[in-house]
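> sequence below, structure please.
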Amino acid sequence: MGPQPAPRPEDAPAGAPSAAATPSLAVAGLSLRFGGLKVLTGVSFDVAPGSITAVIGPNGAGKTSLFNCISGFYRPQEGTIAFEGEAIGRLHPPARARRGLARTFQNIALFRGMTVLDNIKLGRHVHMRTNLLDALVYWGRARREEIEIRAEIEERVIDFLDLNHIRHQPVASLAYGLRKRVELARALAMRPRLLMLDEPVAGMNREETEDMARFILDVKEEWGTTILMVEHDMGLVMDISDHVVVLNFGQVIARGRPAEVTRNEEVIRAYLGAGDVGALRARIEGREAA
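Below you'll find the model as predicted:
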């Protein structure tokens, strides 16, 4: 792996949060309906600062709809969302991004004809200080900001995710696993304090999954970033998550540490399946023993 990212002055130091710490994210009583269809009903949970929280559940449980509510793409009819103690329910997605929320998407949302570097640079646009006129002239302030952004991205993001060798290649030419990594890089370019990952290893082979797991852990441990993750790969969830929230039919049926969730009979019936629980518990015991 390349050089480690330098600490950011605007970020709080990494470290284990105290029990009294304000949650990085607090979701309370969230309900979402489309006409007569109830998608989310009374969803409540907290995400501790500096932790990895996984949201799991069957297809159609409401996981991506929950992400869309938190990031501002959907407006729930009931409930509140607070980020670092500030209510953000009325803010539009760009305003939430400027406050430190960044996300990836279940279906890769990159510009295929653009290079890796240009795709990643787009993640910084919410923090740019130059206006349209500056950009059209491309002189003075606009040029200086462009140089600063490129240097920061190459030194802190591209090196961090081992993307140096492909940074000038068009995204369309990349293998699927690398495209997923580029999408993660674009989210990191936004300087997130809360990083939301929607199925980060979906469709990956074992080697790609292990690489992505390593990068996610590095983002948490070396950048001090809080992570909220939707994922179906239960091996990954049990290996790296600090806390798990389980949705079923738009409702929270369990939440707790991975070991607690695997002992919940309702979760086993609704999602995990009795045949998989033994292997998952063995992975958790191996992680705790390491």
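> excluding its backbone neighbours, what's nearest the one residue sitting closest to the centre of the chain?
The centre of the chain sits closest to Met196, judged by C-alpha atoms, centre = their mean, with a distance of 2.1 Å. With C-beta to C-beta, 6 or more residues apart in numbering as the criterion, Met196 has its nearest non-adjacent residue at 3.8 Å, and that residue is Arg103. The C-beta positions use only the backbone N, C-alpha and C, and glycine is treated the same way.
> list the residues that contact that neighbour.
Arg103 sits next to Phe67, Ser71, Ala187, Leu195, Met196, Leu197, Asp198 when contact means C-beta atoms under 8 Å, 6 or more residues apart in numbering.
> and those residues, which of them are in strands?
Taking DSSP state E, the ones among these that sit in strands are Leu195, Met196, Leu197, Asp198.
> make a markdown table out of the residues you listed and add pLDDT.
Listed next are the ones in strands among the contacts of Arg103 as a markdown table, based on pLDDT from 0 to 100:
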| residue | pLDDT |
| --- | --- |
| Leu195 | 97 |
| Met196 | 97 |
| Leu197 | 96 |
| Asp198 | 94 |
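> dump the residue contacts of the closest residue to Glu86 other than its chain neighbours.
In space, and not counting its chain neighbours, Glu86 is closest to Arg99: 7.4 Å by C-beta to C-beta, 6+ apart. Contacts for Arg99 (C-beta under 8 Å, 6+ apart) come out as Phe83, Glu84, Glu86, Ile88, Leu91, Arg193.
> before we move on, what about Pro23?
By C-beta under 8 Å, 6+ apart, the contact list for Pro23 reads Asp46, Val47, Ala48, Pro49, Ala82, Gly85.
> sec struct for it, please.
Three-state call for Pro23 (DSSP: H, G, I helix; E, B strand; the rest coil): coil.
> now do the phi/psi pair for it.
Backbone torsions of Pro23, given as degrees, to the nearest 10, read phi -60, psi 140.
> would you mind measuring from it to Gly100?
14 Å (C-beta to C-beta, to the nearest Å).
> go on, Val261?
28 Å.
> gap between Glu78 and Leu40?
9 Å.
> tell me, what's touching those two both at once?
Leu30, Ser31.
> okay, these two: which has more neighbours?
The neighbour count for Glu78 versus Leu40, taken as other C-beta atoms under 10 Å, is higher for Leu40 (27 against 14).
> pLDDT score for that one?
Note on Leu40: pLDDT of 97.
> so which helix or strand of the chain has the lowest pLDDT on average?
helix 132-137 (a mean of 47; mean pLDDT, DSSP states H and E).
> any low-confidence regions in the stretch 101-250 of the chain?
Applying pLDDT under 70 to the stretch 101-250 of the chain picks out residues 125-143, 145-146.
> show me the strands in it, by range?
Remark: strands assigned in the stretch 101-250 of the chain by DSSP state E, counting those that start in this stretch are 101-103, 194-198, 226-230, 243-248.
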